[in-house]
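Student: requesting a structural model of the entry that follows:
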Amino acid sequence: MGDEGLCYLSAGETLPMFESGKLSPVELMRAISARSERVEPALNAFSDTFFETALAEAERAESRYARARRGKGTRLRPLEGLPLAIKDEVPVEGQRCTNGSLVYRDHVATETAIIAQRLLDAGAIQHARTTTPEFCCATITSSRLFGVSRNPWNRRYTPGGSSGGSAASLAGGTTLLATGSDIAGSIRIPASCCGVVGFKPPYGRVPQAPPFNLDFYCHEGPLARTVSDAALMQNAIAGPHPGDMASLKPKLRIPSTTGDIRGWRIAYSLDLGYFKVSPEIRRNTLAALDVFTALGCEVHEVKVPWTQASARAAWAYLVHLFGASLAELLESEADQLTPYARAFIEGSTRSSAEDYVGSLRVAGEMYAWFGPMLQDYDVFVCPTTTKPAIAANANLEYESFEAKGKAMPDGLSWCMTYPFNMLSRCPVLAVPSGFGKSGVPTGIQIVGRAYEDVKVFRAGAAFEQASPWLHDAAHRPDL
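Tutor: So this is what the prediction gives:
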């Protein structure tokens, strides 16, 4: 197997090879390092790399596997020796953590986030930090600090945002696992744009640090190339934490064997009631639903009663809390900010408590229909975006959208993800559905009942098995 083949192994394939000695963590890390040097200039998915220290960690992992094979009683951890890329938003003690902003270009983290610590404790080896738009408030990954990140399938297009560097790295074969965060779709949008798998856990499933652990739109979760790899990561990061009072007890574990879904009832919508969906997204979503039908599921279209009020409510919530959390930078660092971050923050200055409470009311009304509807179905399916990825350097219009009579800025309105941040207790798995005319992937969201994570993984695993993705060289980006 050549280096490219090694770089596109799944974690599920890699771990048995490590255990048997057919592949070593050092060999894999060297292949990842060499591929990164070759393709990273074209993708710009990494903000920092640590290949020298990662190789040293890989040597230690190799020794652990060798001792285990000799029966020395060494306990192998669930992610032992697997390459991991961590989003630049996530602090790791001693590493630069910039949030994609010139304001924090020299900031070094003094503590490690729970998600990162749990992955490292599970044996994963961090070799890179991945790019993000400034303060994660964009659906493209472009910043004044790191420049433009590009989609491995077609470099004129974005890998999505805000976890775009993570998704681009997975699709480009420069990591096996990556972290993401999602406040309006920032895991699922890049998963769709890059043809990988992303999971938005339900609120409280993955612990976070304050104050954003108390923001129910805000989630951290896994990005991977397969559903089973995403489940492997999710099992490592989920579970209660004493520092997060919103974290859920007891820990939920996704089973390794997900089972047959024959006889399941699946509801779907192509537009969630108010989105304008492109023909290629519509075609690919219907094709994905045909796969579920072939798997023996009953597939039914439902009429979603949501309107543009959902978009207005989501935007009101986002600027009121997230924008306000950065408002002090307008006075001291305005000249350092990207136009999209500045406009986002400025939106918070026009927000009111009534706007915020109104956003909660709309979210409640949305779930008043969605929750009871889903009691008659096992999962709900819809597109992830209204169109394939937008341009890598797209101008995000965040300032004048209201004057144009729009409910939400164009920079976010193409994404069908934020309604499920509003319905934040619903787990959502994003999986690939095909390609657009540009060669850029498209995706669907598999949404579960509140806190029923296992079902979305069962549906995703069955779908993936019936329509494999990134499984050979002919189904990978040409880099």
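Student: drop to CA atoms for contacts and neighbour counts, all remaining ones
Tutor: OK.
Student: give the residue spans of the stretch 351-479 of the chain that score low on pLDDT.
Tutor: Low-confidence segments of the stretch 351-479 of the chain, defined by pLDDT under 70: none present.
Student: ok, which stretches of it are helices?
Tutor: In the stretch 351-479 of the chain, the segments counted as helices under DSSP state H, counting those that start in this stretch are 353-374, 410-413, 419-422, 453-466.
Student: show me what the first one is packed against.
Tutor: Other elements packing on helix 353-374 under the criterion 3 or more CA pairs under 8 Å, 6 or more residues apart in numbering; DSSP states H and E are helix 308-317.
Student: so what touches the helix it packs on?
Tutor: 274, 351, 355-356, 358-360, 362-363, 366, 407-408, 413, 418-419, 422 (CA atoms under 8 Å, 6 or more residues apart in numbering).
Student: try it again at 10 Å.
Tutor: 184, 217, 273-275, 320, 323, 344, 347-348, 350-363, 365-366, 402, 406-409, 412-413, 416, 418-419, 421-422 (CA atoms under 10 Å, 6 or more residues apart in numbering).
Student: ok so, going back, columns mean neighbour count and distance to Ile115 on top of the helices of the stretch 351-479 of the chain, output as a markdown table?
Tutor: Below are the helices of the stretch 351-479 of the chain laid out as a markdown table (neighbours: other CA atoms under 10 Å; distance: least, CA to CA, whole Å):
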| stretch | mean neighbour count | distance to Ile115 |
| --- | --- | --- |
| helix 353-374 | 16 | 27 |
| helix 410-413 | 19 | 26 |
| helix 419-422 | 23 | 19 |
| helix 453-466 | 21 | 18 |
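Student: out of these, nearest to Leu232?
Tutor: Among the helices of the stretch 351-479 of the chain, the nearest to Leu232 by CA to CA is helix 453-466 (11.1 Å).
Student: using PDB, list the CA coordinates for the closest one.
Tutor: What follows is helix 453-466, C-alpha atoms only, in PDB (Å, rounded to 0.1, in the frame of the first residue of the first chain):
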ATOM      1  CA  ASP A 453     -27.900   9.700  19.200                       C
ATOM      2  CA  VAL A 454     -27.700   6.000  18.500                       C
ATOM      3  CA  LYS A 455     -30.400   6.000  15.800                       C
ATOM      4  CA  VAL A 456     -28.700   8.600  13.700                       C
ATOM      5  CA  PHE A 457     -25.500   6.600  13.700                       C
ATOM      6  CA  ARG A 458     -27.500   3.400  12.800                       C
ATOM      7  CA  ALA A 459     -29.100   5.200   9.900                       C
ATOM      8  CA  GLY A 460     -25.800   6.800   8.800                       C
ATOM      9  CA  ALA A 461     -23.900   3.500   9.000                       C
ATOM     10  CA  ALA A 462     -26.500   1.700   6.900                       C
ATOM     11  CA  PHE A 463     -26.500   4.400   4.300                       C
ATOM     12  CA  GLU A 464     -22.700   4.500   4.200                       C
ATOM     13  CA  GLN A 465     -22.400   0.800   3.800                       C
ATOM     14  CA  ALA A 466     -24.900   0.900   0.900                       C
END
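Student: who does that helix touch, helix- and strand-wise?
Tutor: strand 197-200, helix 227-237, helix 279-294, strand 379-383, strand 428-435, strand 441-447 (3 or more CA pairs under 10 Å, 6 or more residues apart in numbering; DSSP states H and E).
Student: and if we set it to 7 Å?
Tutor: helix 227-237 (3 or more CA pairs under 7 Å, 6 or more residues apart in numbering; DSSP states H and E).
Student: helices or strands next to the helix it packs on in the packing?
Tutor: helix 114-121, strand 219-224, helix 453-466.
Student: rebuild the ones you listed as CSV, extending it with distance to Ala42.
Tutor: Shown next, in CSV, are the helices and strands packed on helix 227-237 (distance: least, CA to CA, whole Å):
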stretch, distance to Ala42
helix 114-121, 27
strand 219-224, 21
helix 453-466, 29
